[in-house]
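**Student:** how does the following fold in three dimensions:
(one chain, ligands or ions: 1)
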Amino acid sequence: MATKFYCRNEKCDKYNEEIHFNSVSYVIRDGHLTPKERLVCDHCNQEVEMVNVKNEGGAGFNLARFDSLSNDDKKRWIMERNKKVRKHDAEMKRFYEKKILGTNLD
Ligand SMILES: [Zn+2]
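**Tutor:** Numbering: from 1, shown residues only. The predicted model follows:
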């Protein structure tokens with residue numbers, strides 16, 4: 001299993017492009033594997049989405065802790081993560097819509 005990061009900011013030139021980080025260390029936060037540092041797109045500075053893919057032979061990611069989780073915990077973690085990302089996307093969309101409309105209704 002390897003981990004890739006994608007910019008999910010629709011307004012960004014790198015939308016849905018893979019963002020590369022030289023080294024990522026992970027911590028377990030609230031029982032979830034989380035990058036130690038907040039990982040942001042180098043183009044728009046928005047937090048990137050972490051996507052786990054089947055191992056392509058690439059090494060260097062510290063997924064030992066994640067791999068020690070049960071399959072159920074992994075699934076739960078990925079679902080939690082996706083939920084957060086969708087929520088964040090929705091918030092960003094609202095933010096930009098408001099910006100475009102020139103309104104400031106909070
Ligand atoms: Zn971006």
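**Student:** and the longest helix along the chain, is it in reach of the ion?
**Tutor:** Taking DSSP state H as the criterion, the chain has its longest helix at helix 71-101. No. With CB under 5 Å from the ion as the criterion, the ion is not reached by helix 71-101; the gap is at least 10.7 Å. (Each C-beta comes from the backbone N, C-alpha and C, glycine too.)
**Student:** residue 51 bridge partners, please.
**Tutor:** Beta-bridge partners for residue 51, by DSSP bridges, are residue 4.
**Student:** and it, how many neighbours?
**Tutor:** 15 (other CB atoms under 10 Å).
**Student:** the longest helix of the chain - contacts with which helices or strands?
**Tutor:** If you count contacts as 3 or more CB pairs under 8 Å, 6 or more residues apart in numbering; DSSP states H and E, helix 71-101 packs onto strand 32-35, strand 49-53.
**Student:** would you mark the buried spots in that helix?
**Tutor:** For helix 71-101, a neighbour-count test (16 or more other CB atoms under 10 Å) marks 74, 77-78, 81, 85, 92 as buried.
**Student:** which of the helices and strands packed on helix 71-101 comes out lowest on mean pLDDT?
**Tutor:** In terms of mean pLDDT, the lowest-scoring of the helices and strands packed on helix 71-101 is strand 32-35 (a mean of 80).
**Student:** extract the CA atoms of that one and return them as CSV.
**Tutor:** Taking C-alpha atoms only, strand 32-35 is exported to CSV below (Å, rounded to 0.1, in the frame of the first residue of the first chain):
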residue,chain,number,x,y,z
HIS,A,32,-6.4,7.5,13.0
LEU,A,33,-3.3,7.5,10.9
THR,A,34,-2.6,11.2,10.2
PRO,A,35,0.3,13.0,8.5
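**Student:** ok, that strand: who's next to it in the sheet?
**Tutor:** Sheet pairing for strand 32-35, assigned by DSSP bridges, gives strand 26-29 (antiparallel).
**Student:** and the strand it pairs with, what's buried?
**Tutor:** The neighbour-count check on strand 26-29 (16+ other CB under 10 Å) flags residue 26 as buried.
**Student:** so which bits of this structure are right by the ion?
**Tutor:** Proximity of the chain to the ion (CB under 5 Å from the ion) is limited to residues 7, 9, 12, 14, 41, 43-44.
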